[in-house]
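I need the structure of the sequence given here:
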Amino acid sequence: MSHKGLVLVIDDEEAIRTSFKLYLEDSGYEVLLAENGRQGIKLFDRKEPQCVLVDLRMPEVSGHEVIKHIKNSGRNIPSIVISGTDVLEDAIKSLRIGAWDYMTKPVMDMAGLLHRVEETIEKSRLINQNLMYHEHLETLVQERTEELEITNTALARAIYNTVVILTQTIEAKDPYTRGHSLRVSEYSVAIGKKLGLDKHSIKVLRLGSLLHDIGKIGVARAVLNKPGKLSTEEYDRIKEHIKIGEQILQNVEYFKPILPLISNHHRWYDGNGYPEMKEGSDLLLESEILSVADVYDALTSDRPYRDAMSTETALSELKSISGTQLSPRIVNVFIDEEIYRIEHKQDIGIDFEHVPSEI
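Predicted structure coming up:
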């Protein structure tokens, strides 16, 4: 015959143990008996009672010690004190250390005792059910979070792959600038880290500097590779790569944070350059960093119209345009921290450790 649950009765009075056992078994419960606290603790540890009825004043191990043991087990099993003392302090202490309810002997209302047992068992069941629900919910949230992180990482890698392909496509039009974007990105990130920029800004720098010249995909190869001086018209065509780059990227949410770098990497520190700076606007720090990295790499690379400068000559040139074209603070960091000595990768590739999952 199935029973409602298992109740453990711990009391040093045999008559009380027997009367509780008979009444509770008649009501559908299975009952275990213990004649002292030590025996009760052993039975509690071996079995899985749904409720414990415990006397307070017992030899060797008191009811208070039994209640503490039940509480510390972490099994969320309710204990009801059945005490021969009506001392208020005993009741308060019992409840404070973990008892769920308190009744005094003699128990004349056995139906009331049954109601207390059923009520505490149901309350315990609901608490355990709620804990299980929250544990399941936490597990589910963790699983979904991990799935989302995997998806975001995969998406970021796909986007970054696209960035690399775009960069390689741009530089395929101009063999003189092969690897330029990657080198500028490495310079920019190194400067940003020396300046203590946060992770978000570093990601903006990394991606923005890789794509700063994306608009050159819309400029004729003949103009990009012209060995002599550009005409005014040809120079105007070159300057259009800023606008073309913005148009390519502006409708992709992921790239919106880097648009200011695309727009401003040819603006000068003193407000000159192109396009013209609107009154009251300021260059972002990331744009100032990119400008220094871009100019240095351009000076130390072969161009159709000149050979690459030596490191010493290029650094001297940076100093000469510091305060006009370039930010003095960024130039100083670039030179003083010897960022120009960075050893660059031989080719553009995916460094998944630094792939930005978001901006």
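
For residue 54, give me phi and psi.
Reported as degrees, to the nearest 10, the phi and psi values for residue 54 are phi -140, psi 130.

doesn't residue 31 fall inside a strand?
Yes - Residue 31 sits within a strand when classified using DSSP: H, G, I helix; E, B strand; the rest coil.

what's the nearest residue to it if we skip its chain neighbours?
Counting by Cβ to Cβ, 6 or more residues apart in numbering, the nearest residue to residue 31 once its immediate chain neighbours are dropped is residue 21, at 4.4 Å. Every C-beta, even on glycine, is put in place using the N, C-alpha and C of the backbone.

any idea where the strands of the stretch 1-150 of the chain begin and end?
6-10, 30-34, 51-54, 79-83, 101-104 (DSSP state E, counting those that start in this stretch).

Can you name every helix or strand that the second one contacts?
Read it as strand 30-34. Contacts defined by 3 or more Cβ pairs under 8 Å, 6 or more residues apart in numbering; DSSP states H and E place strand 30-34 against strand 6-10, helix 14-26, helix 37-46.

how close does residue 126 sit to residue 48?
18 Å (Cβ to Cβ, to the nearest Å).

quick one, what contacts residue 300?
Contacts for residue 300 were tallied using Cβ atoms under 8 Å, 6 or more residues apart in numbering; they are 308-311, 314.

give me the low-pLDDT residue ranges for this protein?
Along the chain, segments meeting pLDDT under 70 span 1-2, 160, 170-177, 277-283, 345-359.

in it, which helix has the most residues?
Longest helix in the chain by number of residues (criterion: DSSP state H): helix 110-172.

quick one: the next helix-or-strand element following that one to helix 110-172, angle?
For helix 110-172, the following helix or strand on the C-terminal side (DSSP states H and E) is helix 180-194. With axes from the mean of the first three to the mean of the last three Cα atoms, to 10 degrees as the basis, helix 180-194 and helix 110-172 are set at 130 degrees to each other.

Quick check: what element follows helix 180-194 along the chain?
In N-to-C order, the element after helix 180-194 by DSSP H and E is helix 199-210.

just the CA coordinates of that next one, formatted as PDB?
Provided in PDB are the C-alpha atoms of helix 199-210 (Å, rounded to 0.1, in the frame of the first residue of the first chain):
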ATOM      1  CA  LYS A 199      38.200  47.200 -25.100                       C
ATOM      2  CA  HIS A 200      35.500  48.800 -27.100                       C
ATOM      3  CA  SER A 201      37.800  51.600 -28.400                       C
ATOM      4  CA  ILE A 202      40.500  49.000 -29.200                       C
ATOM      5  CA  LYS A 203      37.900  47.000 -31.200                       C
ATOM      6  CA  VAL A 204      36.900  50.200 -33.100                       C
ATOM      7  CA  LEU A 205      40.500  51.000 -33.800                       C
ATOM      8  CA  ARG A 206      41.300  47.400 -35.000                       C
ATOM      9  CA  LEU A 207      38.400  47.200 -37.400                       C
ATOM     10  CA  GLY A 208      38.300  50.900 -38.400                       C
ATOM     11  CA  SER A 209      42.000  50.900 -39.300                       C
ATOM     12  CA  LEU A 210      41.700  47.700 -41.300                       C
END
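
Any buried residues in it, and which?
For helix 199-210, the neighbour count (16 or more other Cβ atoms under 10 Å) marks 201-210 as buried.

And these, which is closest to residue 34?
residue 203 (64.7 Å; Cβ to Cβ).

Okay, the closest residue in space to residue 33 that isn't next to it in sequence and residue 43: tell me how far apart.
Closest residue in space to residue 33, ignoring its immediate chain neighbours: residue 17 at 4.8 Å, by Cβ to Cβ, 6+ apart. Residue 17 is 12 Å from residue 43, where distance means Cβ to Cβ.

circling back: kindly reformat the helices and strands packed on strand 30-34 as a markdown table and extend each row with distance to residue 165 and mean neighbour count.
Output for these, formatted as a markdown table (distance: least, Cβ to Cβ, whole Å; neighbours: other Cβ atoms under 10 Å):
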| stretch | distance to residue 165 | mean neighbour count |
| --- | --- | --- |
| strand 6-10 | 68 | 23 |
| helix 14-26 | 76 | 15 |
| helix 37-46 | 65 | 18 |
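
Same list, those, but as JSON lines with distance to residue 298 please.
Output for those, formatted as JSON lines (distance: least, Cβ to Cβ, whole Å):
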{"stretch": "strand 6-10", "distance to residue 298": "82"}
{"stretch": "helix 14-26", "distance to residue 298": "90"}
{"stretch": "helix 37-46", "distance to residue 298": "77"}
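
Who are the contact partners of residue 40?
Per Cβ under 8 Å, 6+ apart, neighbours of residue 40: 8, 10, 34, 52, 54, 61, 66.

What count of nearby residues applies to residue 332?
14 (other Cβ atoms under 10 Å).

Can you point out the helix or strand that includes it?
Per DSSP H and E: helix 328-336 holds residue 332.

Just want the angle from that helix to helix 180-194.
Using the same axes, to 10 degrees: helix 328-336 against helix 180-194 is 100 degrees.
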